[in-house]
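Participant: Show me how the following folds:
(one chain, ligands or ions: 1)
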Amino acid sequence: MTPPYKAVLFDLDGTLADTAPDLAAALNRMRLERGMDALPLAQLRPMASHGARGLIQVGFERSPDDPEYPVLRDEFLRNYANSICVHTRLFPGVGEILEHLGSRALPWGIVTNKVSNLTLQLLANLPMPGVPACVVSGDTTARPKPSPDPLLHAATLLELPASDCIYIGDDLRDMQAAHAAGMDAAAAAYGYCGHREPRRWGARYVLDEPLEFLQLGLV
Ligand SMILES: O=C(O)COP(=O)(O)O
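Facilitator: Got it, this is the predicted structure:
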């Protein structure tokens, strides 16, 4: 629980990669097909860490308990999978963090609530320096974040105690998952926090920019 950490785990959407433009484009294609206006990225961005559920909520005002939700969700996921890495990039500075970790032979991994077929498809298309030592998706363990299970699974794959790892994420559930796993957490305030207040999430560190992670000297 004290730096330097021996491994870094990243949330994917809104922390490692700026996926919101492709998520928003998938949703807006559906709206345009229905004769609705496209919504501005600024309105959709804060929902991007909540995946299909968040985007369908803001784009169609349907929650998962709505009878129409499963059809909208399936169409959204098909749309997104068809154009998953057109505009998506690593956030500025993330590449430098990964290079730094690589140069010190420190393992890093990804722990996301995105389903594994989309996670793997995105990672296959997203250029990044180095290869994650573990990838844990929303359907890898029985319970996704905020359960600690995905992070504990990642630590097991890295063959490290959870307390030797730090998790960086842009959502309250990321901090909750880390704390439940006995892992320190950094809140990515540069991600899809919208009006939410990452400084109130109890994270040990708050990053306004990715490179602050290196400036803090945590690895
Ligand atoms: O797609 C989701 O549900 C969110 O993914 P994340 O956990 O990488 O933010």
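
Participant: make it CA atoms for all contacts and neighbour counts henceforth
Facilitator: Fine.

Participant: low-confidence ranges in the protein?
Facilitator: Scanning the chain with the threshold set as pLDDT under 70 gives 1.

Participant: Can you name the residues of it that neighbour the ligand?
Facilitator: With the criterion set to C-alpha under 6 Å from any ligand atom, the chain comes near the ligand through Asp11, Leu12, Asp13, Ser49, His50, Gly51, Thr112, Asn113, Lys114.

Participant: Does the third one touch Asp22 like I think?
Facilitator: Spelled out, that is Asp13. No. With contacts counted by C-alpha atoms under 8 Å, Asp13 stays clear of Asp22, the gap being 11.0 Å.

Participant: about what we covered before: same list (the residues of the chain next to the ligand) but as TSV, adding neighbour count and secondary structure.
Facilitator: TSV is the format used below for these (neighbours: other C-alpha atoms under 10 Å; DSSP: H, G, I helix; E, B strand; the rest coil):
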residue	neighbour count	secondary structure
Asp11	24	coil
Leu12	25	coil
Asp13	26	strand
Ser49	27	helix
His50	18	helix
Gly51	18	helix
Thr112	27	coil
Asn113	23	coil
Lys114	22	coil
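
Participant: Quickly name whichever of those residues is closest to Pro3.
Facilitator: Asp11 (19.4 Å; C-alpha to C-alpha).

Participant: Now do the same contact list for the closest one.
Facilitator: Ile110, Val111, Thr112, Tyr167, Ile168, Gly169, Asp170, Asp174 (C-alpha atoms under 8 Å, 6 or more residues apart in numbering).

Participant: Same question for Pro4.
Facilitator: Gly217, Leu218, Val219.

Participant: Need the three-state assignment for it.
Facilitator: Secondary structure, DSSP: H, G, I helix; E, B strand; the rest coil: Pro4 is coil.

Participant: Same question for Gly59.
Facilitator: In three-state terms, and counting by three-state DSSP, Gly59 is helix.

Participant: Now the element after the helix or strand hosting Ala155, going C-ward?
Facilitator: Using DSSP states H and E, Ala155 sits in helix 149-158. For helix 149-158, the following helix or strand on the C-terminal side (DSSP H and E) is strand 165-169.

Participant: could you say what helices and strands that following strand packs with?
Facilitator: strand 7-10, helix 172-181, strand 184-188 (3 or more C-alpha pairs under 8 Å, 6 or more residues apart in numbering; DSSP states H and E).

Participant: please redo it, this time with the cut-off set to 10 Å
Facilitator: In terms of contacts (3 or more C-alpha pairs under 10 Å, 6 or more residues apart in numbering; DSSP states H and E), strand 165-169 is packed against strand 7-10, strand 108-111, helix 149-158, helix 172-181, strand 184-188, strand 205-207.

Participant: Check which helices and strands the second one is in contact with.
Facilitator: Applying 3+ C-alpha pairs under 10 Å, 6+ apart, one finds that strand 108-111 contacts strand 7-10, helix 94-103, strand 134-136, helix 149-158, strand 165-169.
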